[in-house]
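1. need a structure here:
(chains A and B)
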Amino acid sequence: MIPQHIRDLLLRVNKPARYTGGEVNAVRKHPQAVSVRIALAFPDTYEVGMSHLGLKILYQLINRLPFAAAERAYAPAADMGALMAAEGVKLYSLENFSPLADFDAIGFTLQYELSYTTILWMLDLAALPFFSRDRQEHHPLIIGGGPCAFNAEPVADVFDALALGEGEDVILDIVDALRIKKEQGLSRREALIRLAQIPGVYVPSLYLASYKPDETLASTAVQNVHAAPIVDKRVIKELKPEYLVTAPVVPYTDVVHDRLMLEIFRGCARGCRFCQAGMLYRPVREFKAQDLLRAADTAVRNTGYEELALTSLSTMDYSKISELLGELVTRLNCQGVNVSLPSLRVDSFSVGLAAQVARRKKSGLTLAPEAGSQRLRDVINKQVTEADLLVAVRGAKQMGFKSVKLYFMIGLPTETDSDLQEMVALILKTAEIMPVTVSVSSFVPKPHTPFQWEPQCSMHELERRQQYLRERLRRNKRVNFNYHDAAVSFLEGIFSRGDRRLSDVILAAYRLGCKLDGWSEHFRYDLWMEAFAEVGLDPTFYANRLRGEDERFPWEHLSPGVSRVFLWQERRRALSGEHTADCTRAKCPACGVCVALAVTTYTEQERE
Amino acid sequence: MRLWLKFARANELAFISHLDTHKAFCRLMRRANIPLAYSRGFNPHPLLSLAAPLPVGFGSESDYVDVTLAETLCPDTLTDALRMSSGSDKLKLRGLRVVPERTPALASLIKWGEYMVVLKGSGGTNHAVSMEHSIDAAISAFHAMPSCFFTKTTKRGSRVVDAKGLVHSLRRDGLTLLAVLSMAEPAVLRPEELVNLLSGEGQPQPIAFVLRRELYTAELIAPIHEGP
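-> Numbers count the residues shown, from 1 in each chain, chains lettered A, B, ... in the order given. All right, here's what the predicted structure looks like:
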């Protein structure tokens, strides 16, 4: 039953079905029947959070434990949030309508730098202190994970602990630590020291950051013997079928990705030099095709979904993709279930498979050449030529596709107007074949990538380049040109490579009214700049500065296993336009992950 | 094979929209492994429709679904499948009826809806008793009126209609109104509109909860009379 004080709010807000729970496959355990309760929190609204695979996996794994329960919590939309604050309704979980403060731990996923103020907002709505040091014994532990945990320094003061890398094993270790904390009545501090001893877990309060006179980092020094000087990520050595989500919660209202997600492999070894996910989730490990087929059947039966999407960093690179897709389509189409693919590799093989899958509705397909000129594609190690793209698009037209969407980035290292000129030419050539929607994002240098030393292109220069492209494309009726707000990319650039001093900026921005920054209608660049001024930090120091070869980074003690030597070498190769091969297809470029973490890459093809 | 199905929805499902309800039933069918028939054409969609939309926030014991299956199955098998599949605790099967293929769409046959309108009580027993008296007085006054015109506002605009022909029956039980109201031509009368009419010039009594209990045809017959 929905408590009356919550029900009273629901008729006054948009899309109230986001706040009621009770969905198919939601797991509701009585709070008194379990010893550990974790709230899995997504720092964005329900429709965004319900589209995220990672939390679904953790939800399934925790709820399989008889002594533990995982419940879900999302940020309310602005209208509901304002009403909750006004009426004194605390942020609650969707399973039991329990206030978040009643949980043993709250696990936030850190998918995006601009979700940090929303985390503070959720803590505020839950009546919990923002910073780890201010929380008391009875408060839940605030734990984070996800890609941004690999440089969590800007939110280091907020989190009690962070988990690096894949969550399947580490979450069970954490749940166990929470159980022991409760059974043995450990203090918060004792529990944190216990957590710090779990491989892959980073407890920021056990480290001290100090800075040089030039404002760069001097060191992040361990303050406790039990904490590791360098925290290595956790990685799953053998992907087991139980990591496939077969009973996801099925929302009753529209969410961003309202379909089954079948993860077919982890990692990507293509080695695009701008791509953080490619570096963080190495090595490539493929699920067994027979496990995938069985999981797909079970998941359709458990959810009733009408669509199944294959997800992975580069879906078409699954070694047996053709066989897998053929079999999935045969099994699922007769049940009225469509199979869909995310953005495709730029080649005719991929387009052919997409056509085979999209039997009925061939509306559009998405390709990502990323950069306009061959020179720049060599810099980023994107192994695609103009001929590949045009052949793929011509093939798509023949197979009945009506339009194509192209993703590009601007502001990549070494980019000049002549690269932009070539991008325009490539887009116009494509538009001669079929209508094109162009989406241009701005490059954000990320930690743990070969471009981690690079300055981000300034906001004004990004805006100039956007206008350069717009002026040359807007008159063409077959081109629909879109670009991302450069101010948003600038903020991403600041926080992706930020340090601990940014915690105060995030808090100042939240106090000024920033939240849900990922939504253009809520993003307030002026307030962010006001927050920087208030705290006295220069945002361009973080975003637009070229780092020295030997500069210590705030994320130096957080390791995905890829070596700094490799990243520097990749940077050098980028600047000279040298290609680095994919280790699943050619020789090992010695990125270091397999050695550092005692793991190996494997594909379904090799297994046979 | 053509079927009418009747469901009761759980309390949490009171807040989902008409379109989302439709999707929820399609997914329930697939979980139950019941093969839906699809429309022909470029973009086929399942032949499943709801008898009457339910306003967001209302509970319902009368979600009627009119559905065509791709094959003929035994009604008992269907009933079992719908009662066992996951989510059947939230969309609870109340009845099933096999109808001839050429039967008109169920949505076109529905004329009346029976509602339970729970009013918010405030204060103690004395207050509740005085509220009950004033509700009774309002109901008697409504019954005594030869006509009761009000301005009905919909998305298409507003017009003046007579509510008298739109109320089939109306009575009180405690602080709950039980009403059978029109759901089709000449106009739909919503439970909130009824409460506003009863309060006359005064402040309308706040509603705690509305439950739609049954749907009826023009002859006041429920599409499915009893449970299977």
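2. burial count for the residue in the stretch 251-400 of chain A that chain B sits nearest to?
-> Residue nearest to chain B within the stretch 251-400 of chain A (CB to the nearest CB): A:Gly304, separated by 3.1 Å. From N, CA and C alone the C-beta is placed, and that goes for glycine too. By the criterion of other CB atoms under 10 Å in any protein chain shown, A:Gly304 has 26 neighbours.
3. so how far is B:Ala8 from the nearest residue to it once chain neighbours are set aside?
-> Using CB to CB, 6 or more residues apart in numbering or on different chains and skipping residues adjacent in sequence, the residue nearest A:Gly304 is B:Arg27, 3.1 Å away. Distance check for B:Arg27 against B:Ala8: by CB to CB, to the nearest Å, it reads 18 Å.
4. For burial, what's the neighbour tally of A:Asp8?
-> A:Asp8: 16 neighbours (other CB under 10 Å).
5. helix or strand for it, which one?
-> Assigned by DSSP states H and E, A:Asp8 belongs to helix A:4-10.
6. And the contacts of that helix?
-> A:2, A:16, A:19-20, A:80, A:83-84, A:87, A:89, A:92, A:97, B:15, B:57, B:208-209 (CB atoms under 8 Å, 6 or more residues apart in numbering or on different chains).
7. which element follows it toward the C-terminus?
-> Remark: after helix A:4-10, the chain's next helix or strand is strand A:36-42, criterion DSSP H and E.
8. CA atoms of the very next helix or strand once past that next one as CSV?
-> Counting by DSSP H and E, the element after strand A:36-42 in chain order, helix or strand, is helix A:46-49. Only the C-alpha atoms of helix A:46-49 are listed here, as CSV (Å, rounded to 0.1, in the frame of the first residue of the first chain):
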residue,chain,number,x,y,z
TYR,A,46,13.3,7.2,-12.5
GLU,A,47,13.2,7.1,-16.3
VAL,A,48,16.9,7.6,-16.6
GLY,A,49,17.8,5.4,-13.7
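9. With chain B in mind, check whether helix A:46-49 reaches it.
-> No - applying CB under 8 Å from any CB of the partner chain, one finds helix A:46-49 separated from chain B by no less than 12.0 Å.
10. for stretch A:461-479, what is the average pLDDT?
-> Regarding stretch A:461-479, the rounded mean pLDDT is 96.
11. Per-residue pLDDT of the nearest residue to A:Tyr281 once chain neighbours are set aside, please?
-> Computed as CB to CB, 6+ apart, the closest residue to A:Tyr281 that is not its neighbour in sequence is A:Gly267, at 4.7 Å. The model reports A:Gly267 with a pLDDT of 96.
12. from the chain's centre, how far out does the helix or strand hosting A:Ala596 sit?
-> Element membership for A:Ala596, per DSSP H and E: helix A:593-597. Remark: helix A:593-597 is offset 23 Å from the chain centroid, using CA atoms, centre = their mean, to the nearest Å.
13. in that helix, what's buried?
-> If you call a residue buried by 16 or more other CB atoms under 10 Å in any protein chain shown, then helix A:593-597 has these buried ones: A:593-594, A:596-597.
14. in chain B, which spans are strands?
-> According to DSSP state E, chain B carries its strands in the segments B:2-9, B:48-50, B:59-60, B:63-68, B:91-99, B:110-119, B:149-154, B:157-162, B:167-173, B:176-182, B:207-217.
15. chain center to the shortest one: distance?
-> Same thing as strand B:59-60. For strand B:59-60, the distance to the chain centre is 7 Å (CA atoms, centre = their mean).
16. what lines up beside that strand in the sheet?
-> strand B:207-217 (parallel) (DSSP bridges).
17. likewise the fourth one?
-> Applying DSSP bridges to the sheet, strand B:63-68 is found paired with strand B:2-9 (antiparallel), strand B:48-50 (antiparallel).
18. just the ones you listed: most buried one?
-> Ranked by mean neighbour count, the strands paired with strand B:63-68 are led by strand B:2-9 with a mean of 21 (mean count of other CB atoms under 10 Å in any protein chain shown).
19. gap between the residue nearest to A:Gly304 and B:Leu13?
-> Separation of B:Arg27 from B:Leu13 (CB to CB) stands at 13 Å.
20. Looking at these two, which has the bigger crowd around it?
-> B:Leu13 (24 against 21).
21. so can I have a markdown table of the strands of chain B showing distance to A:Ser559 and mean pLDDT?
-> Shown next, in a markdown table, are those (distance: least, CB to CB, whole Å; pLDDT from 0 to 100):
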| stretch | distance to A:Ser559 | mean pLDDT |
| --- | --- | --- |
| strand B:2-9 | 50 | 96 |
| strand B:48-50 | 53 | 97 |
| strand B:59-60 | 54 | 96 |
| strand B:63-68 | 54 | 97 |
| strand B:91-99 | 49 | 95 |
| strand B:110-119 | 59 | 95 |
| strand B:149-154 | 62 | 86 |
| strand B:157-162 | 65 | 88 |
| strand B:167-173 | 68 | 93 |
| strand B:176-182 | 64 | 95 |
| strand B:207-217 | 55 | 94 |
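22. Tell me which of these sits nearest to A:Gly536.
-> The closest of the strands of chain B to A:Gly536 is strand B:207-217. By CB to CB, the value is 53.1 Å.
23. what's in contact with the closest one?
-> A:4, A:7, B:51-52, B:54-55, B:57-62, B:64, B:109-120, B:180, B:183, B:191-192, B:195, B:222-223.
24. Stretch A:323-342 and chain B, are they touching?
-> Yes - interface with chain B: stretch A:323-342 contributes A:335-337 (CB under 8 Å from any CB).
25. Buried members of those residues into ChimeraX, please.
-> To isolate the buried ones among the residues of stretch A:323-342 next to chain B in ChimeraX, judged by 16+ other CB under 10 Å, type:
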select /A:336,337
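26. I appreciate the help and will end here.
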